[in-house]
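>>> only the shape, not the letters, is given here:
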């Protein structure tokens, strides 16, 4: 396990929308470099940069055309190498977004694969033996290649699935995992990882991590075997490199697959969803909604078994949001977000802060862009100040990658930096608290001390620290003895005396 993950706080950057330095309306690597001091000041000491490889951008870069070349709109490979170096000078680690399950249909491997003549890439993707032989049970495309066959998709039409083999081949066109051509696929992906690690990258967030082996069983036996092989390579050759999986199944990803971290993702009706985004039925029952009907046990009932099963092997990670998720400002105001973030930054695992969430950027109703659809509203440009295009770019407004929030009260960094009680400064204080107190970091023990169905507050222990949260508009109490403990951080007010913790409305206290 890389030691630096213990005290890591990640900042996720959607590069298209972070900071534009050349006036073309699209964010770039030089923009990220210029804002590294901002990220360091905020307290984040690690970055996850969304896909930045060469791509036709039918899916915002998750359709890779060349794994070893960056997209020219962001800069050059040398610019990215410089970003790694500048980040490291500031004590910041950098993860890139690895897309191992599919490529773009414009990737050189695929162009060779669809040729009629046999070549080393013929089985790099999954093809049937004849164009009129369907790939039953899979999404597939036929009639677009000179090769006689149809090919399997991983998701969008532009994303042909790479061939890691089938755990249980059922058809003559399905190769077993140990077929030399399937082994070649995973070796090619390890080669991609080595390329970026050798140039200064510190690891990878892995897209659709469970999607490699087809006809896999419920335990994802085949896919986990491949990731264990990758982990063995990292442990031997790059022991400080880290991987986090887009999986939301930590027993598989961490215990069986060898990932260092797994994301707790927002899936409808799950425990994470119940915290900030439980509004799809028309009534908002999110736990951190001050006037909602939230219940922390809905989260704990799912989280605790997963945490307990994996805590010795890796980190199950909470996020404020990501590029696929509706921003939390959609339904929570700043006072509610402060309590939600107090929770996220004091829980076990490694927290991930999505760019702009530190100032409460809104989810915008905008047209789809590059395959974003409903996700596009969470991918709009970072709002730095009140200058042109919110300080994101000097280009004309109609040339922006996506429109900025033009509301008169649109939040921005410059305003919140100078406001003592702003959301930005609360986030900054919370992250500083986490860095300062080892018992709030990734691996410290966790115990739910007071968590009753339909009741507040929620009190939990991290090592020798107690955290008490009250997201409601009522004063609440809990029969928890912390007499003589010192409040080392607070939002709102609270106290511990006479064997009881008392919290004012919308308050959080951290006791030591």
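Done, it's in. Nothing here was measured: the structure is a model prediction, and the numbers come from that model. Numbering: from 1, shown residues only.
>>> just the helices in the protein please.
Secondary structure of the chain (DSSP state H): helices at 29-34, 36-42, 77-89, 108-113, 180-198, 221-237, 250, 273-276, 296-310, 334-344, 413-417, 423-436.
>>> mean confidence score for the shortest one?
It refers to helix 250. For helix 250, mean pLDDT is 98.
>>> and that helix, what does it pack against?
helix 296-310 (3 or more CB pairs under 8 Å, 6 or more residues apart in numbering; DSSP states H and E). The C-beta positions use only the backbone N, C-alpha and C, and glycine is treated the same way.
>>> so what's the residue count around residue 504?
17 (other CB atoms under 10 Å).
>>> pretty sure it contacts residue 474?
No - counting by CB atoms under 8 Å, residue 474 is not a contact partner of residue 504; they are 9.2 Å apart.
>>> follow-up on the earlier one: to residue 285, which of the helices of the chain lies closest?
helix 273-276 (7.3 Å; CB to CB).
>>> which residues does the most centrally placed residue in the chain contact?
Nearest residue to the geometric centre of the chain (CA atoms, centre = their mean): residue 322, 5.4 Å. By CB atoms under 8 Å, 6 or more residues apart in numbering, the residues touching residue 322 are 12, 263, 352, 354, 378.
>>> quick one: pLDDT of it?
As predicted, residue 322 sits at a pLDDT of 98.
>>> cool, and residue 292?
pLDDT, read off for residue 292, is 72.
>>> sorry, back to before: and the helices of the chain: which comes nearest residue 509?
helix 334-344 (9.4 Å).
>>> if we can go back for a sec, out of the helices of the chain, which one sits most buried?
Scoring these by mean neighbour count under mean count of other CB atoms under 10 Å gives helix 250 as the most buried, with a mean of 27.
>>> other residues contacting it?
262, 306, 309, 310, 314, 316.
>>> from the chain's centroid, how far away is it?
Relative to its chain's centre, helix 250 lies at 14 Å (CA atoms, centre = their mean, to the nearest Å).
>>> what's the neighbour count on residue 448?
Residue 448 has 15 nearby residues by other CB under 10 Å.
>>> related to what we said a few turns ago, out of the contacts of helix 250, the closest to residue 268 would be?
residue 306 (17.6 Å).
>>> how far away is the closest one from residue 486?
32 Å (CB to CB, to the nearest Å).
>>> OK, contacts around the closest residue to residue 163 other than its chain neighbours?
Nearest-residue entry for residue 163: residue 126, 4.8 Å, with adjacent residues in sequence omitted and distances by CB to CB, 6 or more residues apart in numbering. With CB under 8 Å, 6+ apart as the criterion, the residues that contact residue 126 are 135, 138, 151, 152, 160, 161, 162, 163, 173, 174, 214.
>>> repeat that for 10 Å
In this structure, residue 126 makes contact with 113, 135, 138, 140, 149-154, 160-166, 173-175, 182, 214, judged by CB atoms under 10 Å, 6 or more residues apart in numbering.
>>> and if you look at residue 341?
288, 320, 328, 332, 351, 353, 357-358, 360, 423, 426-427, 430-431, 491, 508.
>>> what of residue 494?
457, 468-470, 475-477, 487, 501-504, 507-511.
>>> ok, now residue 505?
Contacts of residue 505 by CB under 10 Å, 6+ apart are 290, 335, 470, 471, 472, 473, 474, 475, 476, 492, 493.
>>> gap between the fourth one and residue 17?
As for residue 471, its distance to residue 17 is 30 Å (criterion: CB to CB).
>>> more crowded one of the two?
A direct count of neighbours by other CB under 10 Å for residue 471 and residue 17 places residue 471 higher, at 31 against 26.
>>> if I read this right, the more buried one contacts residue 333, doesn't it?
No - with contact defined as CB atoms under 10 Å, residue 471 does not count as touching residue 333 (11.5 Å).
>>> overlap in contacts, these two.
With CB under 10 Å, 6+ apart, residue 471 and residue 333 have common neighbours 289, 290, 506.
>>> which residues touch the last one?
Contact analysis of residue 506 by CB under 10 Å, 6+ apart lists 288, 290, 333, 335-336, 338-339, 469-474, 491-492.
>>> ok, what's across the strand from residue 96?
residue 49, residue 204 (DSSP bridges).
>>> for it, what are its contacts?
Residue 96 neighbours (CB under 10 Å, 6+ apart): 47-53, 70, 80, 84, 192-193, 196-197, 201-205.
>>> do the same with residue 171
128, 129, 133, 135, 136, 137, 215.
>>> how close does residue 277 get to residue 168?
With CB to CB as the criterion, residue 277 and residue 168 are 37 Å apart.
>>> neighbour-wise, which of the two wins?
residue 277 (22 against 14).
>>> which residue of the chain sits farthest from its center?
Farthest-from-centroid check, the chain (CA atoms, centre = their mean): residue 498, 42.2 Å.
>>> find the residue closest to that one in space, skipping its chain neighbours.
residue 483 (7.1 Å).
>>> OK, contacts around that neighbour?
Going by CB under 10 Å, 6+ apart, the list of residues near residue 483 reads 495, 496, 497, 498, 499, 500, 501.
>>> of the residues you listed, which is the most crowded?
residue 501 (26 neighbours).
>>> was I right about that one contacting residue 495?
Yes - contact criterion CB under 10 Å: residue 501 and residue 495 qualify, at 7.5 Å.
>>> got any residues that touch both of these two?
Common neighbours of residue 501 and residue 495 (CB under 10 Å, 6+ apart) are 468, 482, 483, 485, 509, 511.
>>> counting neighbours, what do you get for the last one?
A total of 23 residues lie near residue 511 under the criterion other CB under 10 Å.
>>> surely it meets residue 480?
Yes - using CB under 10 Å, residue 511 is in contact with residue 480, at 9.5 Å.
>>> which residues are common contacts for those two?
459, 461, 466, 468, 496, 501.
>>> and the residues you listed, which of them are in strands?
Cross-referencing the shared contacts of residue 511 and residue 480 against strands under DSSP state E gives 459, 461, 466, 468, 496, 501.
>>> look at the residue nearest to residue 509 when sequence neighbours are not counted and report its pLDDT.
Leaving out its chain neighbours, the residue that sits closest to residue 509 by CB to CB, 6+ apart is residue 494, at 3.9 Å. Note on residue 494: pLDDT of 97.
>>> any idea how far residue 494 lies from residue 239?
43 Å.
>>> list the contacts for the closest residue in space to residue 11 that isn't next to it in sequence?
Nearest non-adjacent residue to residue 11, counting by CB to CB, 6+ apart: residue 44, 3.8 Å away. Contact partners of residue 44, counting by CB under 10 Å, 6+ apart, are 8-12, 36, 38, 92, 351-353, 355, 358, 427-428, 431.
>>> ok, residue 340 next?
275-276, 286-289, 320, 328, 332, 357, 469, 471, 508.
>>> from those residues, pick the one nearest residue 299.
Nearest member of the contacts of residue 340 to residue 299, counting by CB to CB, is residue 275, at 5.8 Å.
>>> and the pLDDT at the residue nearest to the closest one when sequence neighbours are not counted?
Among residues not flanking residue 275 along the chain, residue 287 sits closest, at 5.0 Å (CB to CB, 6+ apart). pLDDT for residue 287: 97.
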